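> quick one: sequence and predicted model below, then my questions.
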Amino acid sequence: MKNPLNKLIVPLFALLFFVASCNQEKQSENVATTQQEAIVTTWNDSGEWVQKLSLSPNQVIRNATWGQDLSNLKDTLELAESQPEKGKSYTLYFDDTDLNFSDITYIPNEQNKLQEINFDIFVESGADVQPLIDHWKVYLDAKFGPSEVKAKTILWSKNKNTRIELENVSTPKDPGIKLSFKAVH
């Protein structure tokens, strides 16, 4: 005679396997949601300059994505006084002094697709540089993973799609930082 328990074992194992997989998917979704919430919270706490320069915690930076056609780039800032040979440069002023501003340069590849965004950020005094670096570091650590420091440069290289360099480029006359986002191919 056949054992009636054999008929129950296979469906029971199938049910247990299904429940376990659903639970694992839910845990993965919760981790992604928690991570995105942490990024948004950190961005909200990052300060006015980081928020104005980055625009939002979405996409890479300034609501741009790697590979986006440069002609489709929608930046509402005024064009910078000098333009690069390749790409477009804009200027964001933080006040009316002309001492606190950033030039933002979008650089395309040979197919005119976005591959790099550079920020040359200038501040009125040298005392303003380190707090700005600290705000960027906290936000970028949350969004792109832990950074590493090499001399005057902070690097984010753990992300599969983006490499970031932040450097204190201050001189006695022109305090500021350079921040570069580059697509990784």
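Structure received. Numbering: from 1, shown residues only.
> report the secondary structure state of A38.
helix (DSSP: H, G, I helix; E, B strand; the rest coil).
> got the contact list for it?
Contacts for A38 were tallied using Cβ atoms under 8 Å, 6 or more residues apart in numbering; they are A142. Quick note: C-beta positions are derived from backbone N, CA and C, even for glycine.
> ok, now D69?
112-114.
> from the residues you listed, which is closest to L99?
Checking these against L99 by Cβ to Cβ gives L114 as the nearest, at 29.3 Å.
> output the helix or strand where that closest one lies as CSV, nothing but the C-alphas.
Per DSSP states H and E, L114 falls inside strand 114-122. Listed next in CSV are the C-alpha coordinates belonging to strand 114-122 (Å, rounded to 0.1, in the frame of the first residue of the first chain):
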residue,chain,number,x,y,z
LEU,A,114,26.8,62.6,-20.8
GLN,A,115,29.9,61.0,-19.2
GLU,A,116,31.2,63.5,-16.6
ILE,A,117,29.9,66.4,-14.5
ASN,A,118,32.4,68.7,-12.8
PHE,A,119,31.7,71.3,-10.1
ASP,A,120,34.2,74.1,-9.4
ILE,A,121,32.9,75.6,-6.2
PHE,A,122,34.3,78.9,-4.9
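> packing partners of it?
Packing contacts for strand 114-122, counted by 3 or more Cβ pairs under 8 Å, 6 or more residues apart in numbering; DSSP states H and E, involve helix 48-54, strand 101-108, strand 176-183.
> before we move on, back to that, let me know the closest of the contacts of D69 to T34.
Among the contacts of D69, L114 lies closest to T34 (Cβ to Cβ), at 29.3 Å.
> what is the burial count for the nearest residue to the closest one once chain neighbours are set aside?
Sequence neighbours aside, Q68 is the residue nearest to L114 in space, at 4.7 Å (criterion: Cβ to Cβ, 6 or more residues apart in numbering). Number of residues near Q68 (other Cβ atoms under 10 Å) recorded here: 19.
> so L79 is in contact with G87, correct?
No - look at L79 against G87 with Cβ atoms under 8 Å: they stay out of range, at 11.6 Å.
> L114 and Q130, how far apart?
According to Cβ to Cβ, to the nearest Å, L114 and Q130 sit 30 Å apart.
> which one of those two has more residues nearby?
Ranked by neighbour count (other Cβ under 10 Å), L114 and Q130 place L114 first, with 22 against 13.
> would you agree S170 is in contact with G176?
Yes - here S170 reaches G176: they are 5.9 Å apart, a contact under Cβ under 8 Å.
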